[in-house]
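In: dropping a prediction and its sequence here:
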Amino acid sequence: MNIDLIPFFSCMSEEEKKALSKIIVFQQVAKKEMIVAEGQICKYMVYVCHGLLRQYYFKYGREVTEHFTCEGNIAYCIESIFKNKPSNLMMEALEDSEICLIPYAELVELTYRHRLIAEWLRHFFENNLILHQVKADSWRFESVRERYERFLKDFPTVANRASVNDIASYLLMSPESLSRIRSAVAVKSKK
């Protein structure tokens, strides 16, 4: 595994890179392929080298998109990976994708022996917690239009790659509402 595919690890020592390259598995996944199925235990942090993933769950028989992950980012099912319990959150490839699977338990083991890996993991979780808080605050305090505009800012490439239904469920609105908001935002940006 060429550890340099994951820019997060480029600043680490050769020893740390070597340790990481021993545990990370490169994998190609096809569009619509499940990476984590419902009821499966999530054992990996999934770094996206190329492609687009989405995490979702079912509520009242409908799919609700929880998160999108594109190139240069990591996806994982939080409760499942930390508590080693079956996940209600599923992860699928929305495009043919190239991913690196980072086994969480083995990564934690490396943190006991490698300071920079431990620091990276701590910073990663801190930033991830902030990201989730910002998303929760957006859902609580922003209008649907403001949520869409934030989505465009935070996920500029995803807006053109994911389906309207997936984006609408992520933003907690109907596809029809999303279409109206997209039209209004497009008109505003042309002025």
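Out: Nice, I can see it. Residues are numbered from 1 along each chain as shown.
In: residue ranges of the strands in the protein, please?
Out: Using DSSP state E, the strands assigned to the chain run over residues 25-29, 34-36, 44-50, 52-59, 62-70, 74-75, 90-93, 97-103.
In: which one of those lies closest to residue 153?
Out: Relative to residue 153, the nearest member of those by CB to CB is strand 62-70, separated by 13.6 Å. In this view, the C-beta of every residue, glycine as well, is placed from N, C-alpha and C.
In: tell me what angle that closest one forms with strand 44-50.
Out: Here strand 62-70 points in a direction 60 degrees away from that of strand 44-50 (axes from the mean of the first three to the mean of the last three CA atoms, to 10 degrees).
In: re earlier: quick one: closest of the strands of the chain to residue 135.
Out: When these are ranked by proximity to residue 135, the top entry is strand 62-70, at 8.2 Å, counting by CB to CB.
In: buried stuff in that closest one?
Out: By neighbour count, with 16 or more other CB atoms under 10 Å as the criterion, the buried positions of strand 62-70 are 64, 65, 66, 67, 68, 69, 70.
In: wait, what's in contact with residue 170?
Out: With CB atoms under 8 Å, 6 or more residues apart in numbering as the criterion, the residues that contact residue 170 are 64, 65, 66, 67, 68, 151.
In: need the pLDDT of it.
Out: You'll see residue 170 listed with a pLDDT of 93.
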